[in-house]
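Novice: sequence? don't have it. structure:
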């Protein structure tokens, strides 16, 4: 967490007050929440009233996907289709599957190109096939695994041409690339605290004023009657400060992190010549801190283990709750085969990453890849 | 030493790993995912969640890295499919033994070595003893828990890469130690014999895989048909229960499965004396050390929880051996392993092909 966010959060932890209470300490808690709301709104280009605080990105995604799908269908019963990118995060994919399974919605998974981008032409065609029957389109701003950035404003405009709501999960993008709610003209946008140097367990759905999605949780109606539950004042205070700093420092941080990342890519390809960089090329359409490679013949989780033992922490795609490595649905959607997808790793850099970190990775990587390759051969035997 | 500690989520492997950490080894905890159950579409299909969680918590408490290695495909091919096909062929396999031979101290050990580890540790009750002449595998000190039988299929060069930290302890002491170390798995019940048949209904499991193959239950002596059955594969030599025959034998003695012929579907039953054998022929033997000596008396164990009997190796070929017992024994089932012991030392083993009476 950013020290300023820690400070803002800890200051509130020791104070009494429910932000929805009318007495003095309640009002002072409310002041903190509203100040945070204004910070988030100012940083992300929306109005304060468009910020719905949630328990994090997953809740915001669920609220947007389910809530807007229901709202669309309630408004016009023919609108039963929800269109979502094939490489969405599970916090979007799983709600989509749930809507299909339990709520009778029809789901179209928008195919991506080999760089994990939803091409506008694909969405245009998908919407043309479902004129008047689509309720919602959801496409992430930037992919969490391979770092590819989607043409969100263009996609959103296409959805609106057909009177369809547009949601974007911008958890990976905020603080990494310029993100502006009003300019992108989306209806709903997911933001998370811990990805911007704020606390875990807090996030927000930025939601157009005039929209009232069907709530997931019913109760006190604290957040615009769309989200109920006592507000976590301390976490929200830390979140507000963190978003503000992350956005203010975004261009400076991005330039520095991208330079480190470019160095990392060059050197990884130098020490492991057959490694393949996945996702969009480094530049404005890729997250500055993201580098993602496939290492032919290796199991990604074997490299992960060996790098971890060398003090370098990296990620494979996603692990199930038991921790069994699964082939990444993102890589599979990009056209990779199961074996290639399993042999892939993400190297993420953040604003606290240093040249020393990159040096440590490059020092440990060749040996790790060599051993993982041997283990891969053993497995194939 | 850099060691992979296989963590099943049970108490034995937890204490085994704890002892290695305490001894100063560089330990990495690995839980083997042996099976996948289908999840909902697109969700992450998962394995035995509770055991994996317990294993992870053990690693947390020991402060060691923890990974899940997915060996489910290998396990299905090498152990589960083999289990079914062995029964279908009329033999009685031991899947734990097969798993040690093909998975734990084969696929997993090979992977560990390739990744730069020196050894794989497990919570089996058996002892690995280093002598000037090489490494030896011995029975555990706790005779009631001894598992050297299911490790006797591992060849000596692999025993050398195996660590068995709890073989010198009694099970009750291991539980006490787990509790003293604050490991929450201390009171966890012992695991099932066949981990991939959680309800314990082996016959039902086989019937689902192999279908009904009705046949007759026949008196081995008179040739009289005594009843019907759903599949000869579900019967094991020496079995007494579940024969489903109404007519009692003339002398009211209990009748046992003497032979189960899957090709004809005939299950022969008879009095216990028909089960008595004293010559056992095996498939290719595996040696835990020097090859057995012809004519020298050894202890011989023919099933996981059976008693040791005396006998000698009377013939040794590259593809098998013949064991001759000093006294006849009952219930020798093809597919089980015959394990030779010299005192507490495992000499080697061979899968039983057939047995006869001299």
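Specialist: That came through fine. Fair warning: this is a prediction, and the values are worked out from it, not measured in the lab.
Novice: beta partners for the residue in the stretch 201-350 of chain B that chain A sits nearest to?
Specialist: Chain A sits closest to residue B:286 of the stretch 201-350 of chain B, with a gap of 19.2 Å, by CB to the nearest CB. To be clear about C-beta, it is placed using only N, CA and C from the backbone, and glycine gets the same treatment. In this structure, residue B:286 bridges to residue B:349 when assessed by DSSP bridges.
Novice: state the distance from it to residue B:139.
Specialist: 17 Å (CB to CB, to the nearest Å).
Novice: what about these two, which has more around it?
Specialist: residue B:139 (22 against 19; other CB atoms under 10 Å in any protein chain shown).
Novice: looking at it, the more buried one is touching residue B:344, isn't it?
Specialist: Yes: Residue B:139 is within contact range of residue B:344, at 4.3 Å (criterion: CB atoms under 8 Å).
Novice: shared neighbours of the two, anything?
Specialist: Common contacts of residue B:139 and residue B:344 (CB atoms under 8 Å, 6 or more residues apart in numbering or on different chains): residue B:127.
Novice: run through the helices of the stretch 51-200 of chain B in chain order.
Specialist: For the stretch 51-200 of chain B, the helices defined by DSSP state H, counting those that start in this stretch occupy B:72-75, B:82-88, B:95-99, B:109-114, B:148-151, B:156-159, B:171-180.
Novice: burial check on the residue in the stretch 101-250 of chain A that chain B sits nearest to, number of neighbours?
Specialist: Of all residues in the stretch 101-250 of chain A, the one sitting closest to chain B is residue A:101 (7.3 Å; CB to the nearest CB). When neighbours are defined as other CB under 10 Å, residue A:101 has 12 of them.
Novice: contacting residues for residue 313?
Specialist: With no chain named, the answer covers chain A. Contacts of residue A:313 (CB under 8 Å, 6+ apart): residue A:307.
Novice: please go with chain B instead
Specialist: B:292, B:293, B:294, B:295, B:296, B:298, B:321, B:322, B:323, B:324, B:340.
Novice: model confidence for it, exactly?
Specialist: For residue B:313, the pLDDT comes out at 97.
Novice: can you tell me the closest non-neighbouring residue to it?
Specialist: The shortest distance from residue B:313 to any non-neighbouring residue, by CB to CB, 6 or more residues apart in numbering or on different chains, is to residue B:292 (4.8 Å).
Novice: can you give me the domain boundaries for the chain?
Specialist: Picking chain A for this. Annotated domains of chain A cover A:3-248, A:250-380 [automatic domain parsing].
Novice: chain B was what I was after
Specialist: Following automatic domain parsing, chain B resolves into domains at B:2-187, B:212-271, B:276-356.
Novice: which of those comes out lowest on mean pLDDT?
Specialist: domain B:212-271 (a mean of 86).
Novice: how long is it from one end to the other?
Specialist: 27 Å (CA to CA, to the nearest Å).
Novice: and the next helix or strand past the helix or strand of chain A with the lowest mean pLDDT?
Specialist: Between all helices and strands in chain A, the lowest mean by mean pLDDT, DSSP states H and E belongs to helix A:338-342, at a mean of 87. Per DSSP states H and E, the first helix or strand lying C-terminal to helix A:338-342 is strand A:344-348.
Novice: contacts for that next one?
Specialist: Outside strand A:344-348, the residues that reach it (CB under 8 Å, 6+ apart) are A:145-146, A:264, A:268, A:278, A:289-295, A:300, A:303-304, A:314-317, A:328, A:331, A:336, A:361.
Novice: mind running it again at 6 Å?
Specialist: By CB atoms under 6 Å, 6 or more residues apart in numbering or on different chains, the residues outside strand A:344-348 that reach it are A:145, A:289, A:291, A:292, A:293, A:294, A:300, A:303, A:314, A:315, A:316, A:331.
Novice: returning to that earlier point: out of the helices of the stretch 51-200 of chain B, which one sits most buried?
Specialist: Mean neighbours per residue, mean count of other CB atoms under 10 Å in any protein chain shown, is largest over the helices of the stretch 51-200 of chain B for helix B:148-151, with a mean of 25.
Novice: for residue B:309, give the beta-bridge partners.
Specialist: Bridge pairing for residue B:309 - DSSP bridges - gives residue B:300.
Novice: isn't it up against residue B:331?
Specialist: No: contact criterion CB atoms under 6 Å: residue B:309 and residue B:331 do not qualify, at 11.4 Å.
Novice: state the distance from the closest residue to residue A:172 other than its chain neighbours to residue A:265.
Specialist: Computed as CB to CB, 6+ apart, the closest residue to residue A:172 that is not its neighbour in sequence is residue A:142, at 4.4 Å. To residue A:265, residue A:142 is 17 Å away according to CB to CB.
Novice: and these two? Which one has more around it.
Specialist: residue A:142 (27 against 20).
Novice: what backbone torsions are found at the residue nearest to the spatial centre of chain A?
Specialist: Nearest residue to the geometric centre of chain A (CA atoms, centre = their mean): residue A:171, 3.2 Å. Torsion angles at residue A:171 (phi, psi; degrees, to the nearest 10) stand at phi -50, psi -40.
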